[in-house]
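# Here is my input; please provide its structure:
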Amino acid sequence: MQNMMTAKEIRNSFKSFFESKGHLVVPSAPMVVKDDPTLMFTNAGMNQFKDVILGNAEPKSRRVTDSQKCLRVSGKHNDLEEVGHDTYHHTMFEMLGNWSFGDYFKKEAIAWAWEYLVDVLKIDKTILYATVFEGAPDEGLERDNEAAGYWEKYLPKDHIINGNKHDNFWEMGDTGPCGPCSEIHIDLRSDEEKAKVPGAELVNKDNPQVIEIWNLVFMQYNRKADRSLEPLPAKVIDTGMGFERLCMTLQGKKSNYDTDVFQPLIKAISSLSGSEYGKDAKKDVAMRVIADHVRAIAFSIADGQLPGNAKAGYVIRRILRRAVRYGYTFLGFQEAFMYKLLPTLIDEMGEAYPELEGQKVLISKVMKEEEEAFLRTLATGINLLDGVISDTKKQGKTVIDGVQAFTLFDTFGFPLDLTELICHEQGLSVDTKAFDAEMQKQKERARNAAAIDASDWVVLAQGETQTHYLDETEHPCRILKYRRIEQKNKVYYELVLDHTPFYAEMGGQVGDSGVLVSDSEEVKIFDVKRENNLPIHLTAKMPEHPEADFMAKVNLERRRASEANHSATHLIDQALREVLGTHVEQKGSLVTPEGLRFDFSHFQKVTHEELRKVERIVNARIRQNIPIQDHRDMPLEEAKKLGAMALFGEKYGDKVRVVQFDNSIEFCGGCHVKATGQIGFVRIVSESSVAAGVRRIEAITGEAAEESLYQMEEMLFTIRDILGQKDIKAAIQKTIAENAELHKQMEEAQKERLMKVRDEIIEAAEVNADGVRVVKHVFIADIPANTVKDLAFQVANVLPEKTFCVYGSKSDDKPLITVMISKDLVAERNLHAGNLVREAAKLIQGGGGGAPHFATAGGKDTTGIDAAVDKVVELAGL
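Next up is the predicted model:
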């Protein structure tokens, strides 16, 4: 058995082998699935061909081969927490496959599988076994004697094993294409072990050294809704071979991680960490985890899925954080490190998957930022958790308090699954019910999960902050305490004041900005955050005299703009409920001085007419100059009776503040205009989808809305001047009509030119001694492929019999060979356009194929077009 091939060579040899058998080599589909609601990630090679298999789309070729990147993080044998602890679990893996859509079937699939494994890869045929479907009498299905018969050409009968319906009958789903399958197994045990127990007795018995290496699926039935089966009109071959397993087999290893698929990464990790692989069991697990996970993360980002807090984004973030945690805990990584493995990954897989190279800047940036954020979180969280674990053990308990676990999550962003993992390693569990209850109580706090490098607070005076933002924009103050913060290589300072007129970010409204003024200096406040309900004032420069008396002054222009946008948000919310229905509920908002963003529940796109109606309602209420009714410290029940609309996920105390503008009544703690007239004007600038059932409106008010109208007007004036007419609409309609007429005339001219070219080609064609008209033509100028195809069929319509056509052309400096053969010649002379063009394509450094009567081939070398055309004629014997 050959065992010196590298992973790159093995992958390329598979694709090259099937390309030599007339298969089109296609790139891997994205690992991240964007158009299939049943899948977040590609988990099998056939995913990208579902529409073809189901008959909903035409294949690019009847024969296809590829290496597909897949991701599995759940389900049987694919639990994320198992990855790294053994030798065969993976998140991301590659699936080598070949497909036939209505072309070849069992005979060729089995013959080529055998040829590749035994003749190409030189695997010892005596250690190979094949399973075939044993049949299912209850469904009227006989044993797959056809497949067994083909296998008997290559294997002794005692190496052909019957398999049950569970192992050897593949189904896409409850309905749809299905059929028997034939698995190829390999016995990697020692000669001594083989002598004791025959390999046939261990097939499909979960023996780690007698493993399935390739599965050949023969889709020949269609499962109907009543569970009955009917023959599939176009039979499908769908095969899948585990790339990592194949590498393990050929390289003579006992673990996938010992192959050169993973070893370059493991060596890079070893070098970065200063730890040698194979010396320490825990460090080995960490290296395997990281080597596996960095692949999944890099490919996901390359495919457009960034780490996030929901769905597919959360899966990727969870994988990344698990890798960081293992690197931090067992390998001593205190700084971001995984992004440094990207060059090694690209070296090993970039050739097969060029998206890695193309997206390397994005991948590296995203990975590094995610690592840095979580490392800050991890350091703080693990130290705290160690204390909690120690205290719990001292108390003789085995369950960690869920409230403490939530505090780790809420304050430090330490994920519950990592808390559970670390506790599990210490023989403890976590009270998840208490955790979930705490999460419901403090959803707002849970968003502030990003950890920072913060110094200790320097306390200047004792006291509590008194807020005045609802009534004042200036107020005398002193600094109670301050601390230095370093985040993303930027240094700033946090200040806590005894009195503040600044609004601290909360409820979607961003914090104020402004200045602190003393007798000797002015300090700029660029933002105000809220931490544990305490206003924190951010400044890039620490006051020279922090103990001085200051006057806190809010940036009035920006505050007034925020007030207008916040009040407009309330009016838009109410108007949306009136126009779209009371099912509309706020799902999120952002209020800034520049504009507003409002997310709400609705199950379809809001039409232009509906948006205009909302605008009209809101602007009418602005013109009414409705005064604010500011209900402060109102009993909760009284507020509900008043009709207050609570924000999503919020919990309220016994006393609340309610902001009311006539029928718009909402719980709110933010800043608002004194009367709606101060908003000025509202203009909705966009409407979009955020997620399933959630829409987003973005709008501007006041001066920004006014300026946008001026810009639109200037654009209209510019268009008017370009068109030279006052009636812009009529001028544009006239231009469009004239353009359509010119396009029509151009198409007609092209058709006439095509007819002329057709006639010239036919006239120049030669008739050989057998009476066959040979139409051979090479186009000098660039000509689109579709035009050549149209021309070929037009010639065929004029000359339907005894005609052989071959055309050479180029488009965008890419050569194309097109072959059309009349059906009588195909039958009489046993000609096949696909076979002819495939061989000739070598002269243009390309490949192709097609049907017996029509085929095309593309390539890279335009200088070989004439030779390729002549080669087609030569191969046809004409």
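
# in the chain, what secondary structure element scores lowest on mean pLDDT?
Lowest mean confidence among the helices and strands of the chain (mean pLDDT, DSSP states H and E): helix 443-446, at a mean of 44.

# Give me the distance from the helix with the most length in the chain to the chain's centre.
Across the chain, the longest stretch assigned as helix under DSSP state H is helix 728-764. Relative to its chain's centre, helix 728-764 lies at 42 Å (C-alpha atoms, centre = their mean, to the nearest Å).

# which other residues reach the next helix or strand after it?
Following helix 728-764 in sequence order, the next helix or strand is strand 766-767 (DSSP states H and E). Under the contact criterion C-beta atoms under 8 Å, 6 or more residues apart in numbering, strand 766-767 has outside partners R773, V774, K776. Bear in mind the C-beta positions are built from the backbone N, C-alpha and C, glycine included.

# Apply 10 Å and report the result again.
V772, R773, V774, V775, K776, K802, T803, L878 (C-beta atoms under 10 Å, 6 or more residues apart in numbering).

# which two in those residues are spaced the farthest apart?
Spanning the widest gap among the contacts of strand 766-767 are K776 and K802, at 15.0 Å by C-beta to C-beta.

# the more surrounded of the two?
More neighbours surround K776 than the other of K776 and K802, with 19 against 16 (other C-beta atoms under 10 Å).

# That one against D870, yeah?
Yes. With contacts counted by C-beta atoms under 10 Å, K776 reaches D870, the gap being 8.0 Å.

# can you list residues touching both of the two?
Taking C-beta under 10 Å, 6+ apart as the contact rule, K776 and D870 both touch V806, G808.

# In strands, which of the contacts of strand 766-767 fall?
Using DSSP state E, the subset of these located in strands is R773, V774, V775, K776, T803.

# can I get these in a markdown table with distance to P177?
Converted to a markdown table, the ones in strands among the contacts of strand 766-767 look like this (distance: C-beta to C-beta, whole Å):
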| residue | distance to P177 |
| --- | --- |
| R773 | 43 |
| V774 | 42 |
| V775 | 40 |
| K776 | 42 |
| T803 | 38 |
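
# among those, who's most crowded?
Going by other C-beta under 10 Å, T803 tops the ones in strands among the contacts of strand 766-767 with 22 neighbours.

# any idea what the residue located most distally from the centre of the chain is structurally, helix, strand or coil?
Distance from the centre of the chain peaks at A769, with 60.6 Å (C-alpha atoms, centre = their mean). Here A769 takes the coil state, with states given by DSSP: H, G, I helix; E, B strand; the rest coil.

# and it, what does it touch?
Applying C-beta under 10 Å, 6+ apart to A769 gives no contacts.

# Now do it, the pLDDT please.
Looking at A769, its pLDDT is 82.

# ok, it to L878 distance?
Note on A769: its distance to L878, by C-beta to C-beta, to the nearest Å, is 10 Å.

# Any idea how far apart the tips of stretch 87-104 sit?
End-to-end distance for stretch 87-104: 36 Å, by C-alpha to C-alpha, to the nearest Å.

# What residues sit buried inside that stretch?
88-101, 103-104 (16 or more other C-beta atoms under 10 Å).

# Could you do stretch 548-565 as well?
Neighbour-count burial for stretch 548-565 [16+ other C-beta under 10 Å]: 550, 552-555, 558-565.

# Next, the contact list for G834, please.
Taking C-beta under 10 Å, 6+ apart, one finds 22, 61-63, 819, 848-857 in contact with G834.

# now with 8 Å?
With C-beta under 8 Å, 6+ apart, G834 has these contacts: G22, G848, G849, G850, A851, P852, A855.

# immediately after the stretch of helix or strand it belongs to, which helix or strand?
Element membership for G834, per DSSP H and E: helix 833-840. Using DSSP H and E, the helix or strand that follows helix 833-840 in sequence is strand 847-850.

# which neighbours does that next one have in its sheet, and in what orientation?
Here strand 847-850 has these sheet partners by DSSP bridges: strand 854-858 (antiparallel).

# Which elements pack onto the next helix-or-strand element following the strand it pairs with?
Using DSSP H and E, the next helix or strand after strand 854-858 towards the C-terminus is helix 865-875. If contacts are counted by 3 or more C-beta pairs under 8 Å, 6 or more residues apart in numbering; DSSP states H and E, helix 865-875 sits against strand 773-778, strand 803-811, strand 814-821, helix 833-840.

# so after the third one, what's the next helix or strand?
Tracing the chain C-terminally past strand 814-821 and defining elements by DSSP H and E, one meets helix 823-829 next.

# outside of that following helix, which residues touch it?
Under C-beta under 8 Å, 6+ apart, the answer for helix 823-829 is 772, 800-804, 831-833, 852-853, 876-877.

# picking up where we left off before, I'd like to know which of the contacts of strand 766-767 is nearest to Q624.
Distances from Q624 to those, taken by C-beta to C-beta, are shortest for V775, at 79.2 Å.

# for the closest one, what are its contacts?
Contacts for V775 (C-beta under 8 Å, 6+ apart) come out as I761, I762, A765, V795, L799, T803, F804, C805, V806.

# what do you get if the cut-off is 10 Å, keeping everything else the same?
Going by C-beta under 10 Å, 6+ apart, V775 touches 758, 761-762, 764-766, 792, 795-796, 799, 803-807, 820.

# G240 is in contact with T65, correct?
No. Using C-beta under 10 Å, T65 is not in contact with G240, being 11.4 Å away.
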